[in-house]
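Student: return atomic coordinates for the entry below.
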Amino acid sequence: ESSLVYLRPLLKVVILSLVAVLAFSSRLFAVVRFESIIHEFDPWFNYRATKQLTDNGFYEFWNWFDERAWYPLGRIVGGTVYPGLMVTSGGIHFVLNSILHLPIHIRDVCVFLAPFFSGLTAFAAFAFTKEVWNEKAGLFAALFIGIAPGYISRSVAGSYDNEGIAICLLMLTFYAWIKGVKTGSLYWGGMCALLYFYMVGAWGGYVFITNLIPLHVLVLMVTGNFSLRVYSVYSTWYILGLIMSMQIPFVGFLPLQTSEHMAALGMFGLCQIYAFVLYLQASMSKQALQSLLWGVFYTVLALTVPGLMLLTHLGYVAPFSGRFYSLWDTGYAKIHIPIIASVSEHQPTTWTSFFMDLHIIAAFFPAGLWFLFKKSKPERWFVVLYAVSGVYFAGVMVRLMLTLTPVVVVCAAIAFSETCMTVFTNRSVGSADTKKAAASAAKKVKKDKKEETETENEDSVADDEGPSVVPISMMSMPKVFLSATLVILLCVFVFHCTWVTSNAYSSPSVVLSTYKSDGTRTILDDFREAYYWLRMNTKDDATVMSWWDYGYQIAGFSNRTTLVDNNTWNNTHIAMVGKAMSSNETRAYEIMNELGVNYVLVIFGGLIGYSGDDINKFLWMVRIAEGEHPTEIRESDYFTARGEYKIDSEVSDRMKTCLMYKLSYYRFGEVKHSWNSPGGFDRTRNTEIGEKDISLTHLEEAFTSENWLVRVYRVLEPENTVTPSLPHKQGSSSPSKISVGGGRFKGTIKNKEVIKKPSSNKKVVSDKTYNNKHSL
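Tutor: Numbering: from 1, shown residues only. Now for the predicted structure:
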């Protein structure tokens, strides 16, 4: 037994290391199936910014003005970005190349950064769960967080986004806070502030930490668990964290000016008042102290509320943002800020998404909360608050499933650990509690600090000296059945996580794949084909107009100037692009000339059945444009007489003459999928288009990708405007020669290709059209 005691730390390290390797390797499906490539949309800007940092140095990156974005406005990158992700990748690249002399390209560092940090997150989850419960639960938590789909969805190889490192920093910050609450050490308060600073520099979700920690302190006050330890740690965290977070240019003075940060400031002031009251208790009578406190309370209330309202009215304190209101009212954004509602990941979470991302740990989550309530301590109240707030916000916005997953993992790990201890050992449910109660009674007379230190290790002592493992042959039948059930559930969970990771979260959005009827897989590389064409066949200063979804990819792949991109900071500029897409060709031509547009890029999925095309997003373009130009654009004009959004024979006159409709379906009426199918049959919307004889006056077709997924049009110069009868310039496909899959062939398309949806990091949202096949 003594040898096992010495082997236990080594075994723990080995298990955690294997879990970290598993977490890293399970996120490599995309690299194995496709190649080392950046996924999605936002990661392409992050990659460009990181390359700017490594090529030109930190100072040039900090002062970088990106003239390729938001033409003709441009973008000051240093003041509009969270630099933590870029600095982390740049630091790793510097160590690998300059210190270790390993010639690793910065792109590969960016591709594998999220899987690397997922391994570190396993260690962070273990440390956090160990502090709130014990090591056994910590090992379960490390395993669960390593393979949970809710976290994998944002951390696969190639998903180079802020969330890839933010969850690791979130867990480390919470770990440091819990250590500080338990020990009262200024060191842990400083470490919490330092990790919080890193988190602020990495992700805008730091506001969740900014409000959760003050909420925890408030609950400790209300429940009578507030102490000088908590006061010391919170004051240290707030002061140091405030000063350091203000060094990020994108944050600046926001912690002192915005309503989202006022809770932390108010709690800091309340802590000072609470400490001052404790000081007065030693020198004043109870009645005098009570009178003084009530007087101070009413005075502070009378000054604070009107003062805050006045400062908000004068503009010194910013009101709550639209994103904040959308967290409390799911319909707010659609009415007031359609640009926020148009993003699919801002939609409410469905039950299927909860099951897909959490699976069986969602069932064990309530049991873990029950254990935390039953054996409540100050640090465990933090997990309860995290769980309650996480569940609410994840239900409001599907993107916030990412912040819910860690606490679900922790609670499920506690439930699994306690269940396994009951099944596989001779411990009864109340034995550990009895031992702890006896130990607590025996230590009552000791000093305060010593008592807290010993109480902190009670769980581990009980685990080491308490129950022993019972052989299966000596178990009762109910315990054998329950143990087999637990093993089966864990195996099913691992299988589910592997399947979801492989099939749902490991498909880069820029490279699509289809499966034919015989099971063979075909790669559709239309996006990169079109972006490469733009890079090689357009002038370096050419300006491309597209919907904002593709701005980062055009700048990253093609190195061309765009009007709008995924930063979405200027709603007016985005509305102007939406107005151009929603107007007739003549009016759109005037807008494009005003904006200096040379090319227009649209995504069209009608040929192959790709549901994420611009026709399915078009209503959001209309809504955003209507918000800024209500006299020219009205959503109702694009519906049929019965109020339906259609593109078939019932299509409205305004719809079939708008620029988006014409650019999407230009020449499509000549296309037949088979000898007996009608021309112009849209597979995405499963209908024949209503307007087939489409001609262009002010634009000409410059390029159409192999599967018609990406279409690029050249905007003609005013003096070179041609008549519709002139022939078009054709790209890689002609009206009568359309290719699908690996090679080109003449003739018809007999078998409808079924698109395998790209990475579900961007969830699908439906609109009132075409059998819920719309996606954003």
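Student: so where do the strands sit in this structure?
Tutor: 65-66, 75-76, 512-515, 521-524, 543-545, 561-562, 599-603, 681-682, 687-688, 699-704, 710-715, 754-756 (DSSP state E).
Student: looking at those strands, which is closest to residue 489?
Tutor: Within those, the stretch nearest residue 489 is strand 754-756; the backing value is 28.6 Å (C-beta to C-beta). Where C-beta positions appear, they are placed from N, C-alpha and C, glycine not excepted.
Student: one step back: next, format the strands of the chain as TSV and append distance to residue 619 and mean pLDDT.
Tutor: As requested, the strands of the chain are exported to TSV (distance: least, C-beta to C-beta, whole Å; pLDDT from 0 to 100):
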stretch	distance to residue 619	mean pLDDT
strand 65-66	30	92
strand 75-76	28	91
strand 512-515	23	84
strand 521-524	25	87
strand 543-545	19	96
strand 561-562	22	95
strand 599-603	15	97
strand 681-682	16	93
strand 687-688	17	92
strand 699-704	23	95
strand 710-715	20	96
strand 754-756	21	40
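Student: tell me which stretches of the stretch 351-500 of the chain form helices.
Tutor: Here the stretch 351-500 of the chain has its helices, by DSSP state H, counting those that start in this stretch, at 351-358, 361-374, 378-396, 401-424, 431-442, 448-456, 458-465, 477-503.
Student: residue 631: which of the strands of the chain is closest?
Tutor: Across the strands of the chain, residue 631 has its closest neighbour in strand 543-545 (22.5 Å, C-beta to C-beta).
Student: and of the helices of the stretch 351-500 of the chain, who's closest to residue 560?
Tutor: Closest approach to residue 560 among the helices of the stretch 351-500 of the chain (C-beta to C-beta): helix 401-424, 31.8 Å.
Student: surely residue 498 and residue 25 touch.
Tutor: No: counting by C-beta atoms under 8 Å, residue 498 stays clear of residue 25, with 10.8 Å between them.
Student: deepest in the core, which of the helices of the stretch 351-500 of the chain is it.
Tutor: helix 401-424 (a mean of 24; mean count of other C-beta atoms under 10 Å).
Student: that one versus helix 477-503: what angle between them?
Tutor: Angle of helix 401-424 versus helix 477-503, following axes from the mean of the first three to the mean of the last three C-alpha atoms, to 10 degrees, is 150 degrees.
Student: show me what helix 401-424 is packed against.
Tutor: Secondary structure elements in contact with helix 401-424, counted by 3 or more C-beta pairs under 8 Å, 6 or more residues apart in numbering; DSSP states H and E, are helix 106-132, helix 135-147, helix 149-152, helix 163-183, helix 351-358, helix 361-374, helix 378-396, helix 477-503.
Student: could the ones you listed be laid out in TSV, adding mean pLDDT?
Tutor: Compiled in TSV, the helices and strands packed on helix 401-424 are given as follows (pLDDT from 0 to 100):
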stretch	mean pLDDT
helix 106-132	96
helix 135-147	94
helix 149-152	94
helix 163-183	95
helix 351-358	91
helix 361-374	93
helix 378-396	93
helix 477-503	88
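Student: burial measure for residue 676, as a count.
Tutor: 7 (other C-beta atoms under 10 Å).
Student: scratch that, residue 137 is what I was asking about
Tutor: 27.
Student: same check, this time on the one 10 residues further on
Tutor: When counting by other C-beta under 10 Å, one arrives at 24 neighbours for residue 147.
Student: touching, it and residue 25? I think so.
Tutor: No: applying C-beta under 8 Å, one finds residue 147 not in contact with residue 25, separated by 10.4 Å.
Student: flag the shaky bits of this protein, pLDDT-wise.
Tutor: 1-4, 313, 315-336, 426-476, 719-776 (pLDDT under 70).
Student: looking at it, which helix is longest?
Tutor: helix 286-314 (DSSP state H).
Student: can you pull up the most central residue in this protein?
Tutor: When C-alpha atoms, centre = their mean is applied to the chain, the residue found nearest the centroid is residue 399 (5.0 Å).
Student: not counting sequence-adjacent ones, nearest residue to that one?
Tutor: Closest residue to residue 399 apart from its sequence neighbours, by C-beta to C-beta, 6 or more residues apart in numbering: residue 345 at 4.0 Å.
Student: give the burial count for the one you found, as a bare number.
Tutor: 17.
Student: residue 584 too?
Tutor: 15.
Student: specify the beta-bridge partners of it.
Tutor: residue 658 (DSSP bridges).
Student: so who does it touch?
Tutor: Applying C-beta atoms under 8 Å, 6 or more residues apart in numbering to residue 584 gives the contacts 657-659.
Student: make a markdown table out of the residues you listed and add neighbour count and distance to residue 577.
Tutor: Listed next are those as a markdown table, based on neighbours: other C-beta atoms under 10 Å; distance: C-beta to C-beta, whole Å:
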| residue | neighbour count | distance to residue 577 |
| --- | --- | --- |
| 657 | 17 | 18 |
| 658 | 26 | 13 |
| 659 | 27 | 11 |
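Student: quick one, what contacts residue 663?
Tutor: Residue 663 touches 600, 602, 699, 711, 713, counting by C-beta under 8 Å, 6+ apart.
Student: sorry, slip of the keys, the one I care about is residue 69.
Tutor: Contacts of residue 69 (C-beta under 8 Å, 6+ apart): 75, 551, 555, 561-562, 565, 567.
Student: which pair of those spans the longest distance?
Tutor: 561 and 567 (14.4 Å).
Student: who has more neighbours, those two?
Tutor: A count of neighbours by other C-beta under 10 Å puts residue 561 above the other of residue 561 and residue 567, at 25 against 19.
Student: would you confirm that that one contacts residue 540?
Tutor: No: with contacts counted by C-beta under 8 Å, residue 561 stays clear of residue 540, the gap being 9.1 Å.
Student: now do residue 241 against residue 191, distance only.
Tutor: When distance is defined by C-beta to C-beta, to the nearest Å, residue 241 is 11 Å away from residue 191.
Student: now residue 225. Nearest residue, chain neighbours left out?
Tutor: residue 378 (4.6 Å).
Student: my error: substitute residue 640 in the last question.
Tutor: Take residue 640 and drop its neighbours on the chain: the residue closest to it by C-beta to C-beta, 6+ apart is residue 650, 4.7 Å away.
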